[in-house]
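**Student:** sequence first, then the predicted structure, then my questions.
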Amino acid sequence: MDRVSFDLATTPLREINAFLHRAPAETESRTVILDRPGGVHNLAVGMAHDWRVTVHGHVGYYAAGMNQTAEMEIFGNAGTGLAENMMSGRVVVHGFASNAAGASAHGGLLVIGGDAGLRCGISLKGGDIVVGGSVGSFSGFMAQAGRLLVCGDAGDALGDSLYETVIYLGGHARSLGADAREEPMTEPDYQEVESLLARAGGNFCTVDPGRFRKIVSARSLYHWNANANQEY
Amino acid sequence: MCGIVGLLVKKPELYSRLGEWLVPMLVGMTERGPDSAGLAVFVPDPDPETTRLSLYAGSSATGAAFDWPVFGQSVCSGLDRRAQVDFRHNHATVSFLVPPEEARTWISERYPALRILASGKNMVLYKDVGLPAEIAGKYRFADFSGSHMVGHTRMATESAVTPDRAHPFTAGGDFCLVHNGSLSNPHGIRRMLEPHGIHFDTDNDTEAACRFLEWRLREGDTLEMAVKRSFQELDGFFTFLMGTAHQLALVRDPFACKPAIVAETGDYVAVASEFRSLAHLPGIADADLFEPAPEEVYIWTA
């Protein structure tokens, strides 16, 4: 058997998630096809083995949350909290992703073909996020480590209270958040951008790394400053 | 939580499908709002002389056993001999040709236990406590036809679970609003509106938003202007879906705290809190799907 298919319209979600929670047998195919998800929540949350999951349709909240090792590709859109707290592996959504995509991801790569909603990569802790379209307001809020690459534009307060996540922005931000600032791109930055785009694959390989700008923390909020008059 | 659904069909030959398409949308939002549900139905091109009041008898002494046929005879003999009463369980729609204020006064003097939930020429309204599927069945939502509908499933946070605190809320004629979220300054809004002679039926926060917006419309604002003004006045989290005689309007707060997704095809515009409620719609695979941006006012005309 070279792959397993489930139809979400006729199979209970828990049955599918239980299937994906166990380790595949040595000879078992890792390829799993999920059809007709119909916007179901919590699909493939908590995978911790090297499954290769393909979803045909739109998924609801928290799809591929806490993912470790597994790869998931969604031919559709994703609801709130896609790949939230991902530890490793790879999650690709070809449509749009709603709010808080990749929130607090510690590792792995999240690729969003379309736009992402508000708070994309909020509290990012080491994962990488590549967005083909634009991101909504408050993206990268308090992001601590990892990279957020956005080919399009950003809403308000991009990178507010940023720690050590680096944001690469292809378009324009409506505004930068407190303590976020643009710094010049260096040669290693261009290499990082090129590497992220190459890892994202598909059409991302044709995006010109030369058009990205770098947004990082000004680090002025790292330490309490009693003389700052609380204006930042 | 709470779930919001709305549907507007673009072709007259689809008016008869409206209820049948909307009921699974409403039931699909049961997890977001299992304690109450409601629906406002808008019909196109009603008789311009006829006004319709949506009445609720569930809080009367007789409750669901209220004798609507006798009420209908009494309306015909005492108020308007051309009046018609369409009753479903503890709700009824009474249609009449006398001025609406005369009808309101007549009903509230003789039947003080009846609640007037809505009034208008295009709009009728049903709302009650219970699971959305039970309410949709009890009032036969699937049988309704019309140009557009606004529905809601409630998980109460701001006031008690009673039929009159279920959504949609209405104010004036042919205006309704459903809300997912919570307002933090409804009492301030009430204090601002009450000196204008605006009366409140409940202590619910959504009613404050509904009456504020209807007041602005009555003062001459367009729907878009009224909604934009609400950004200055209303504080809190909200996705609002509003219905007027000919329009459906959608708006989200600046932080987009509460979800919404829109599907548009050549046949319809469908709005829901989540895609789960849209998945069954015909042609959904080819629909234009998008999440409305915060603070943008989306208006569709029937």
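**Tutor:** Cool, got the structure.
**Student:** residues from chain A in reach of chain B?
**Tutor:** A:38-41, A:58, A:60-61, A:77, A:79-80, A:95-96, A:98-99, A:117-118, A:136-138 (Cβ under 8 Å from any Cβ of the partner chain). In short, each C-beta sits where N, CA and C put it, glycine included.
**Student:** give me the subset of these lying in helices.
**Tutor:** Among the residues of chain A next to chain B, none falls in helices (DSSP state H).
**Student:** identify the single longest helix in chain B, thanks.
**Tutor:** Chain B, longest helix under DSSP H: helix B:205-218.
**Student:** show me what it is packed up against.
**Tutor:** On a contact count with 3 or more Cβ pairs under 8 Å, 6 or more residues apart in numbering or on different chains; DSSP states H and E, helix B:205-218 meets strand B:169-170, strand B:175-183, helix B:186-193, helix B:223-233, strand B:236-244.
**Student:** average pLDDT for the third one?
**Tutor:** Okay, so that is helix B:186-193. Taken as a whole, helix B:186-193 has a mean pLDDT of 97.
**Student:** list the buried residues for it?
**Tutor:** Residues of helix B:186-193 classed as buried: B:186, B:189, B:190, B:193 (neighbour count, 16 or more other Cβ atoms under 10 Å in any protein chain shown).
**Student:** count the neighbours of the residue in the stretch 101-250 of chain B that chain A sits nearest to for me.
**Tutor:** Going by Cβ to the nearest Cβ, chain A is nearest to residue B:239 of the stretch 101-250 of chain B, at 12.3 Å. By other Cβ atoms under 10 Å in any protein chain shown, 23 other residues sit near residue B:239.
**Student:** residues contacting it?
**Tutor:** Neighbouring residues of residue B:239 by Cβ atoms under 8 Å, 6 or more residues apart in numbering or on different chains: B:4, B:179, B:180, B:181, B:250, B:251, B:252, B:253, B:258, B:259, B:260, B:273.
**Student:** 10 Å instead?
**Tutor:** By Cβ atoms under 10 Å, 6 or more residues apart in numbering or on different chains, residue B:239 lies in contact with B:2, B:4, B:178-181, B:250-253, B:256-260, B:271, B:273, B:292, B:294.
**Student:** going along the chain, name the helices of the chain.
**Tutor:** Let's take chain A. For chain A, applying DSSP H gives helices covering A:13-21, A:187-200.
**Student:** try again with chain B
**Tutor:** Under DSSP H, chain B gives helices at B:18-28, B:68-78, B:100-110, B:132-138, B:186-193, B:205-218, B:223-233.
**Student:** still on that earlier bit, adding mean pLDDT, write the helices of chain A out as TSV.
**Tutor:** Shown next, in TSV, are those (pLDDT from 0 to 100):
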stretch	mean pLDDT
helix A:13-21	98
helix A:187-200	98
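**Student:** where does whichever residue of chain A sits closest to chain B fall, phi/psi-wise?
**Tutor:** Ranked by Cβ to the nearest Cβ, the top residue of chain A for proximity to chain B is residue A:39, at 3.4 Å. Backbone torsions of residue A:39, given as degrees, to the nearest 10, read phi 80, psi 20.
**Student:** now for residue B:284: which residues touch it?
**Tutor:** Counted by Cβ under 10 Å, 6+ apart, residue B:284 has contacts A:38, A:57, A:58, B:263, B:265, B:268, B:270, B:275, B:278.
**Student:** how about a cut-off of 6 Å?
**Tutor:** residue B:278 (Cβ atoms under 6 Å, 6 or more residues apart in numbering or on different chains).
**Student:** and the gap between it and residue B:276?
**Tutor:** As judged by Cβ to Cβ, to the nearest Å, residue B:284 and residue B:276 stand 12 Å apart.
**Student:** circling back to that earlier point, just name the most buried of the helices and strands packed on helix B:205-218.
**Tutor:** Ranked by mean neighbour count, those are led by strand B:169-170 with a mean of 28 (mean count of other Cβ atoms under 10 Å in any protein chain shown).
**Student:** which strands and helices sit next to that one?
**Tutor:** Applying 3 or more Cβ pairs under 6 Å, 6 or more residues apart in numbering or on different chains; DSSP states H and E, we find strand B:169-170 packed against helix B:205-218.
**Student:** quick one, the helix it packs on and helix B:186-193 angle?
**Tutor:** 30 degrees (axes from the mean of the first three to the mean of the last three Cα atoms, to 10 degrees).
**Student:** just want the residue of chain B that's nearest chain A.
**Tutor:** For chain B, Cβ to the nearest Cβ, closest residue to chain A: residue B:275, 3.4 Å.
**Student:** what about the residue lying closest to that residue once chain neighbours are set aside, how many neighbours?
**Tutor:** Distances taken as Cβ to Cβ, 6 or more residues apart in numbering or on different chains put residue A:39 closest to residue B:275, at 3.4 Å, once the chain neighbours are dropped. Around residue A:39 there are 24 other residues, counting by other Cβ under 10 Å.
**Student:** how is chain B divided into domains?
**Tutor:** With domains defined by automatic domain parsing, chain B comprises B:3-46+B:126-301, B:47-121.
**Student:** and the longest one, end to end?
**Tutor:** This stretch, domain B:3-46+B:126-301, spans 22 Å end to end (Cα to Cα, to the nearest Å).
**Student:** dump the helices and strands packed on helix B:205-218 to JSON lines, plus distance to residue A:90.
**Tutor:** Shown next, in JSON lines, are the helices and strands packed on helix B:205-218 (distance: least, Cβ to Cβ, whole Å):
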{"stretch": "strand B:169-170", "distance to residue A:90": "46"}
{"stretch": "strand B:175-183", "distance to residue A:90": "33"}
{"stretch": "helix B:186-193", "distance to residue A:90": "46"}
{"stretch": "helix B:223-233", "distance to residue A:90": "40"}
{"stretch": "strand B:236-244", "distance to residue A:90": "32"}
